[in-house]
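>>> mind folding the following:
(one chain, ligands or ions: 1)
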Amino acid sequence: MKTIVLAYHNIGCIGINALLDHGYEIQAVFTHEDDPHEAVWFESVAELAAANGIPVYAPEDINHPLWVERIRNLAPDQIFSFYYRHMVGPEILAIPSQGCMNLHGSLLPRYRGRCPVNWALVNGETETGVTLHHMTPRPDDGDIVGQKQVSIHETDTALTLHHKIGTAAEGLLAALLPEILAGRAPRIPQDNAMASYFGGRRPEDGQIDWTRSAHDVRNLIRAVTRPYPGAFSFLGTRKCLFWDVAETPSVPDAPPGTILSIDPLCIACGTDAVEVRYGQEENGLYMRGTQLAQEMKLAPGMLFDGKTESVVGVRRKRHILILGVNGFIGNHLSKRLLDSGRYEVHGMDLRSDCIQDLIAHPDFHYKEGDISIMREWIEYHVRKCDIVLPLVAIATPIEYVRNPLRVFELDFEENLRIVRYCVKYKKRLIFPSTSEVYGMCADDEFDEDRSNFVLGPIHKQRWIYSCSKQMLDRVIWAYGKTQGLPFTIFRPFNWVGPKLDSLKSARIGSSRVITQFILNLVEGSPIRLVDGGLQKRCFTDYRDGVECLFKIIEDKNGQCNGQIFNIGNPDNEYSMADLADILREKFAAHPRRSQFPPDSGTECIEARTYYGDGYQDVQHRRPSIRLSQKILGWTPTVPFEQSVAETLEYFLNSVAVVETQE
Ligand code: UGA
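This is a model prediction of the structure:
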């Protein structure tokens, strides 16, 4: 059978050898170039392929059309993947007549995703295994061909377990490859309800949390011990690596991380303690725990602290610069950041009416000002802060048509300056792109990596906003690639909630649709359904949106750099006519309904009459949130009706406040 193999690591070699042993004709091997930042302790797939006279390639993107074409020309009957690290797209999956199979180091559907061996140990599992399964465009969820169980002993480390998995893989392939050749291999669907998914691990993930039990701490240590980067902790500024520890029974009351004795070297955990058998100071030698205690001059009572941020015992809050802090996203996000107690927020805006509740907070530093004037202040603060969020933009469609140049100047030119400060001072930029960049894309779901941007002709000025944001996305991406700018781009999809624009801005037509409709109800004027109101949006509650953004800022898994995330709720898809109905219903049932004029219903209006000639619209705008779910573990939860009710409540109250003030 003609086969193409995608492979890396020892398991890659095991897979190739098994195929050769069973008479498969391997036409080509695809592998990876070794990562200079990763300790390479495993066998080389490239060398094995070369030794067997098989052509070997390591494309940066195997899904690039050129490579897809080459693979198609080879016309393989089957593709096998053994520890290949990149996702394989649908074009390649569709090529081989007998399909594509992948060998995964767990008992699927459990432990889908990355690093299954390390994660199984971190989680203290007592068994795992290997699975050969059919590939789909999603990670590890295709039908199972066969599995082999492996038991995990409490002395296993990532390396020993890896070898056990390798042996199991040999056995599994020896059993299944003849069946596959004979066309008799079984095909059992996975039970998705039993699935679990784990992401990649980085060296930083080896930091020990001493508040966990001694059992958990030991599991982490054996999950990442040599040849992996190791579990570690800090004593003041000194970093110490722990290669092997034993659990010791419970100890007198002492805070987690406290050194209890130095011979043996014992450290208190959340429950019980660990005895350090082997460890080393960073850049020092591997040695026994007792010697380590002597060399590092450790003494009982000293405290290992779990946090890298702790320099000489003081945990520093991260400083974040938010330009446009009084805006819809700025004010809600600032509150979330301050509530976490982990950030100091430096914010600038023209006004401060929406942040009155934050102004007195000790970690909130507000500056009134215009970003196109206060350039020195901004440059100084970019330099001083850790993270920069430039949220200033004109973001209401009628302004794109009325004031296209102002949109370009503010949304593009002024923001470009800030992007460049981030490049200059190497600061992490979190940039608000927009759902509008996808324009009139016809995809059912707009995907950050795959969807095309579709904009109308130049005289349709509505797209100047989309185009300005798109260009900045591209510039930021290029700065990331060529000059190492750390960045994350996010794309809000019709976030709604209190403080989204204002009734005052709605009076001149310059607000987003929900605020506009609420103004109509409050004034007793008809709700105007542009072009009949059948166009749809996926409305996203601001709390869901802000939570996702907070996760990006926190970046717990360190996977946000260089990423673009849609932040939207695909389940909250409603037409403008639906929105009008829901709002009118909620308004009618509101306790203060009688204080407002009668409902004038809805009327249809042509887009041209409402917005002018330069307007053009998109009929649906639904986000794919696969990346936010996978990388950030985020899923929106707030139902639309709730968002509508609370937004209405907020604006009706704001009317009451204004009336009282008058
Ligand atoms: C908006 C804005 O461009 C940006 O703030 C943002 O980037 C993006 O959405 C987003 O939040 O995802 P759009 O959804 O077109 O774009 O803006 P809205 O003003 O909220 O209008 C939504 C729909 O309501 C449009 O189809 C519009 O024609 C319609 N509409 C608006 C009415 O039918 N009647 C009105 O009185 C106002």
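>>> quick one: low-confidence ranges for the stretch 201-350 of the chain?
Residues of the stretch 201-350 of the chain meeting the criterion pLDDT under 70: 251-252, 306-315.
>>> recalculate using a threshold of 80.
Within the stretch 201-350 of the chain, the segments meeting pLDDT under 80 span 250-252, 305-316.
>>> strands along that one, start to end?
Using DSSP state E, counting those that start in this stretch, the strands of the stretch 201-350 of the chain run over 231-235, 238-248, 259-262, 265-268, 273-281, 287-288, 310-311, 314-315, 318-323, 343-349.
>>> same check on the stretch 501-650 of the chain?
Along the stretch 501-650 of the chain, counting by DSSP E, counting those that start in this stretch, strands occupy 527-530, 536-538, 540-541, 563-567, 573-575, 602-605.
>>> which of those strands is buried the deepest?
When you average the neighbours per residue for each of the strands of the stretch 501-650 of the chain (mean count of other Cβ atoms under 10 Å), strand 540-541 leads with a mean of 26. Yep, even glycine has a C-beta here, placed from its N, CA and C like the rest.
>>> ok, it: who's next to it in the sheet?
Note on strand 540-541: by DSSP bridges, its sheet partners are strand 495-496 (parallel).
>>> adding distance to the ligand and mean pLDDT, write the strands of the stretch 501-650 of the chain out as a markdown table.
Output for these, formatted as a markdown table (distance: least, Cβ to the nearest ligand atom, whole Å; pLDDT from 0 to 100):
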| stretch | distance to the ligand | mean pLDDT |
| --- | --- | --- |
| strand 527-530 | 4 | 98 |
| strand 536-538 | 5 | 98 |
| strand 540-541 | 8 | 98 |
| strand 563-567 | 9 | 98 |
| strand 573-575 | 9 | 98 |
| strand 602-605 | 8 | 97 |
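>>> of all the ones you listed, which lies closest to R238?
Closest to R238 of the strands of the stretch 501-650 of the chain, according to Cβ to Cβ: strand 563-567, at 33.0 Å.
>>> with only the CA atoms kept, save the closest one in PDB.
What follows is strand 563-567, C-alpha atoms only, in PDB (Å, rounded to 0.1, in the frame of the first residue of the first chain):
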ATOM      1  CA  GLN A 563      -2.900  35.000  18.000                       C
ATOM      2  CA  ILE A 564      -6.200  36.500  16.700                       C
ATOM      3  CA  PHE A 565      -9.400  35.700  18.600                       C
ATOM      4  CA  ASN A 566     -13.000  36.200  17.600                       C
ATOM      5  CA  ILE A 567     -14.900  37.100  20.700                       C
END
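>>> so what touches that strand?
433, 435, 446-449, 473, 488-493, 495, 540, 544-545, 548-549, 552, 623-625, 627-628, 631-632 (Cβ atoms under 8 Å, 6 or more residues apart in numbering).
>>> in helices only, show me those residues.
Applying DSSP state H to the contacts of strand 563-567, the entries found in helices are D473, D544, G545, C548, L549, I552, L627, S628, I631, L632.
>>> look up phi and psi at N326.
Per-residue torsions, N326: phi -90, psi -10 (degrees, to the nearest 10).
>>> count of neighbours near it?
N326: 23 surrounding residues under other Cβ atoms under 10 Å.
>>> my guess is it contacts D357. True?
No. Taking contacts as Cβ atoms under 8 Å, N326 lies outside contact range of D357: 11.8 Å.
>>> all helices of the stretch 151-300 of the chain, in order?
For the stretch 151-300 of the chain, the helices defined by DSSP state H, counting those that start in this stretch occupy 158-181, 214-224, 289-295.
>>> could you dump those to TSV with mean neighbour count?
Below are these laid out as TSV (neighbours: other Cβ atoms under 10 Å):
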stretch	mean neighbour count
helix 158-181	18
helix 214-224	23
helix 289-295	18
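>>> ok, which of these comes nearest Y650?
Closest to Y650 of those is helix 214-224 (Cβ to Cβ; 43.8 Å).
>>> contacts for that closest one?
Here helix 214-224 makes contact (Cβ under 8 Å, 6+ apart) with 118-119, 121-124, 156-158, 201, 205-206, 208-210, 212, 230-231, 242-248, 269-274.
>>> one more time with 6 Å
Outside helix 214-224, the residues that touch it by Cβ atoms under 6 Å, 6 or more residues apart in numbering are 118, 121-122, 124, 157-158, 206, 208, 230-231, 242, 245, 247, 269, 272-274.
>>> ok, stretch 8-21 next?
5, 7, 26, 31-32, 42-43, 45, 48, 82-84, 166, 169-170, 173.
>>> output that stretch as PDB, restricted to C-alpha atoms.
Backbone C-alpha positions of stretch 8-21 (Å, rounded to 0.1, in the frame of the first residue of the first chain) are rendered in PDB as follows:
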ATOM      1  CA  TYR A   8       8.300  13.200  14.600                       C
ATOM      2  CA  HIS A   9       9.800  11.900  17.800                       C
ATOM      3  CA  ASN A  10      10.500   8.300  18.900                       C
ATOM      4  CA  ILE A  11       6.900   7.400  18.200                       C
ATOM      5  CA  GLY A  12       7.400   8.600  14.700                       C
ATOM      6  CA  CYS A  13      10.400   6.200  14.300                       C
ATOM      7  CA  ILE A  14       8.400   3.400  15.800                       C
ATOM      8  CA  GLY A  15       5.600   4.000  13.300                       C
ATOM      9  CA  ILE A  16       7.900   4.200  10.300                       C
ATOM     10  CA  ASN A  17       9.700   1.000  11.300                       C
ATOM     11  CA  ALA A  18       6.300  -0.800  11.800                       C
ATOM     12  CA  LEU A  19       5.100   0.200   8.400                       C
ATOM     13  CA  LEU A  20       8.300  -0.900   6.700                       C
ATOM     14  CA  ASP A  21       8.200  -4.300   8.700                       C
END
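>>> before we move on, back to that, what about the contacts of stretch 8-21, which are in helices?
Short answer: the contacts of stretch 8-21 in helices (DSSP H) are V45, L48, G166, A169, E170, L173.
>>> about what we covered before: what's the closest of the strands of the stretch 501-650 of the chain to Y380?
strand 563-567 (28.4 Å).
>>> how far away from the center of its chain is that closest one?
Relative to its parent chain, strand 563-567 has a centroid offset of 7 Å by Cα atoms, centre = their mean, to the nearest Å.
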